[in-house]
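Asker: sharing a model prediction with you, sequence too.
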Amino acid sequence: KQVYYDSGCDIEDAERTIVILDELDKLASHGTDGVSTTGVQNELLKIIEGCERYVKLDDDDSGEGFNIDTNKMIFIGSGAFQELYEKEKVAIGFNPVETTHKRENINTERLKKYGLKRELIGRLPILVELNSLGKKELKEIILESKESELKANIEALKSLGVDILNIDEVIDYIVEDAIKKQIGARGLVLTINNLFEEIFYQIGNNPSKYSKVIIGPNIINDNKDFRLVQKRTRTKKRSIAK
C-alpha cells in the first residue's frame, strides 16, 4: 500500500520499486516461533520471490483495492546484526575477558544460526558487509545532512546574535565521541542536543549579553565546558563646547 501511494498510485511504477526492508535482523527467531518473527519471515517469502497480490486500500471489505505484481521489485534487507560482531567473552577467574579472534565473513549458515529462515536468506542471495562509519563519513553527516542537528543549533545561536569561534574543533569532539562509543549516526542527535543545552540556557537567561561562545574539549562529558564572550559596549565621547 505504501509503495502504491509513494508511486503516485501508478501500478507500473510501483511494480518497479526498490524496497528496503530495514531492521531485518529484528525478525530473527531465537528459538521461538512468534508472529512477529517467524510469521513475518514466512509472509515475506512469497512477496520477495515474486507474486501477484490484491491489496485493499481500506480495512473494510467494501473498499477499493488494486492488484500488484512483485516480480519486478528489488528487495534489499538491512540490519545491524549486532550479535554477529560482538566479541566473545570467556570467564577467567571472576572476570570475563574479551577474546580476540579472526573476523569471519557473514554467510548463509551464520545468518541461519542467527535466526533467519534459510528460505528467506535464499531469496536475498547477495550478502554485503558494510564498514563502520569513519571520521570522514560522520563529518559529512554532521555538516551536509538536510536535517543536520549541528546546523540547526548554529543557526539558532546566530539568531540570538552568538557565533561559535571553534566550530571545527567542536565537530572533531563530536565525531571522536561517536567513534569511541560506537553510537553511529543515530546517536549524533542526542550528543549534539546535549552539548548545546547549557549554552542555550545561559544565553536565554542573558539575552543580548553575549556575542561569541568558545566550546571546551570536555564538552561531551560536561556540557558546562564553554566560555561565553560578552558584547563590547561602546562608550559615547562627550564633547565640551567652549
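Answerer: Everything's here; your move.
Asker: for the residue nearest the centre of the chain, phi and psi?
Answerer: Geometric centre of the chain, nearest residue: R186, 3.1 Å, by C-alpha atoms, centre = their mean. Dihedral pair for R186: phi -60, psi -30, per degrees, to the nearest 10.
Asker: from S7, how far out is it?
Answerer: Separation of R186 from S7 (C-beta to C-beta, to the nearest Å) stands at 28 Å. C-beta coordinates here come from the backbone N, C-alpha and C atoms, glycine included.
Asker: ditto for L130
Answerer: 27 Å.
Asker: likewise for G204?
Answerer: In terms of C-beta to C-beta, G204 sits 46 Å off from S7.
Asker: same check, this time on K56
Answerer: Applying C-beta to C-beta to K56 and S7 gives a distance of 17 Å.
Asker: cool, L57 as well?
Answerer: For L57, the distance to S7 - C-beta to C-beta - is 14 Å.
Asker: neighbour count: the two, which is higher?
Answerer: The neighbour count for L57 versus S7, taken as other C-beta atoms under 10 Å, is higher for S7 (16 against 12).
Asker: contacting residues for that one?
Answerer: D13, A14, T17 (C-beta atoms under 8 Å, 6 or more residues apart in numbering).
Asker: just R53 next, same as before
Answerer: I47, N67, I68, T70.
Asker: most widely separated two among these?
Answerer: I47 and N67 (13.7 Å; C-beta to C-beta).
Asker: compare those two (neighbour count), which wins?
Answerer: Using other C-beta under 10 Å as the criterion, I47 and N67 rank with I47 on top: 16 against 9.
Asker: quick revisit: select from the contacts of S7 the one having the most neighbours.
Answerer: A14 (23 neighbours).
Asker: kindly list the main-chain dihedrals of the residue nearest to that one when sequence neighbours are not counted?
Answerer: If the residues on either side of it in the chain are set aside, A14 comes closest to S7, at 4.0 Å by C-beta to C-beta, 6 or more residues apart in numbering. S7 has phi and psi values of phi -90, psi 10 when expressed as degrees, to the nearest 10.
Asker: just the contacts of R53: which are in helices?
Answerer: Using DSSP state H, the subset of the contacts of R53 located in helices is I47.
Asker: the contacts of R53 in strands, which ones?
Answerer: For the contacts of R53, the ones inside strands are N67, I68, with DSSP state E as the criterion.
Asker: just the contacts of R53 now: which is nearest Q82?
Answerer: Ranked by distance to Q82 (C-beta to C-beta), the contacts of R53 are led by I47 at 26.1 Å.
Asker: surely that closest one touches T70?
Answerer: Yes: with contact defined as C-beta atoms under 8 Å, I47 reaches T70; the gap is 5.2 Å.
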